[in-house]
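Asks: Using only what follows, build the 3D model:
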Amino acid sequence: MRRALDLRNAVVWTARFPSKAARSNKRSQALLGVGGNVGNVKRAFDRLFFRLLNDGAIDIVKTSPMLFNPDFAAQDTPLYLNAVILIRTNLSPIALLTRLLSIENRFGRTRPYRNAPRTLDLDVIFFETKRSYNPKLLLPHPQWRLRASVAAPMLLLQGAI
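Replies: Predicted structure coming up:
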């Protein structure tokens with residue numbers, strides 16, 4: 001039995017999700033997917049916000065509200081908290097991915113098996129209009145349209161819901 005997504009009951013607003021930051025002079029725009037379902041995920045999102053805010057290579061442009069939603073792959077895991085963050089950066093797509101993986105590590109992310117529950121999951125969904133077929137980074141993220149964890153926060157980011 002799949003759990004249904006009910007946006008009326010699943011959207012969470014906090015002081016930083018959603019938010020809009022100052023303008024940026026960095027050259028490239030990227031959309032990051034953020035998720036987690038282990039530990040105090042709201043606190044992890046706040047810590048991530050400040051980590052990115054203090055990262056000289058990344059400027060936060062805008063964040064979506066958070067969304068509670070079921071795991072897309074497993075039925076018996078805790079609900080995920082997801083959001084998207086629009087950023088600007090001078091990093092290349094691979095350098096951005098490397099930075100995000102390092103942040104995941106600092107937040108205690110482990111990968112015991114594919115799609116395991118996680119403290120923090122960071123994905124590059126879009127990087128400008130670039131397409132990448134690098135095994136380390138597929139752009140745009142191959143299944144973003146199929147995942148409520150990305151599509152719904154994107155709509156919320158745009159103010160459509």
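
Asks: How confident was the prediction at Asp71?
Replies: On pLDDT, Asp71 comes in at 74.

Asks: Spell out the secondary structure type for the closest residue to it other than its chain neighbours.
Replies: Leaving aside its chain neighbours, Asp71 sits nearest to Thr77 (4.5 Å; criterion: Cβ to Cβ, 6 or more residues apart in numbering). To be clear about C-beta, it is placed using only N, CA and C from the backbone, and glycine gets the same treatment. Three-state assignment for Thr77 (DSSP: H, G, I helix; E, B strand; the rest coil): coil.

Asks: cool, the one 4 residues further on as well?
Replies: Put simply, Leu81 is strand when judged by three-state DSSP.

Asks: quick one: it and Asp46 touch, right?
Replies: No - contact between Leu81 and Asp46 fails when scored by Cβ atoms under 8 Å: they sit 11.5 Å apart.

Asks: More neighbours: those two, which one.
Replies: A count of neighbours by other Cβ atoms under 10 Å puts Leu81 above the other of Leu81 and Asp46, at 22 against 15.

Asks: Quick one: residues contacting that one.
Replies: Under the criterion of Cβ atoms under 8 Å, 6 or more residues apart in numbering, the neighbours of Leu81 are Val12, Gly35, Gly36, Asn37, Val41, Lys42, Phe45, Met66, Leu67, Phe68.

Asks: so what pLDDT did the fifth one get?
Replies: Model confidence at Val41, given as pLDDT, is 92.

Asks: picking that back up, where does the residue nearest to Asp71 land on pLDDT?
Replies: Looking at Thr77, its pLDDT reads 76.

Asks: and it, how far is that from Asn37?
Replies: Thr77 sits 6 Å away from Asn37 when distances are taken as Cβ to Cβ, to the nearest Å.

Asks: Kindly point out which residues are neighbours of both of the two.
Replies: With contacts defined as Cβ under 8 Å, 6+ apart, the residues adjacent to both Thr77 and Asn37 are Asp71, Pro117.

Asks: Can you pick out the residue with more neighbours from those two?
Replies: A direct count of neighbours by other Cβ under 10 Å for Thr77 and Asn37 places Asn37 higher, at 21 against 14.

Asks: Run through the residues that contact the more buried one.
Replies: If a contact means Cβ under 8 Å, 6+ apart, then Asn37 has Asp71, Thr77, Pro78, Leu79, Tyr80, Leu81, Pro117, Arg118 as its contacts.
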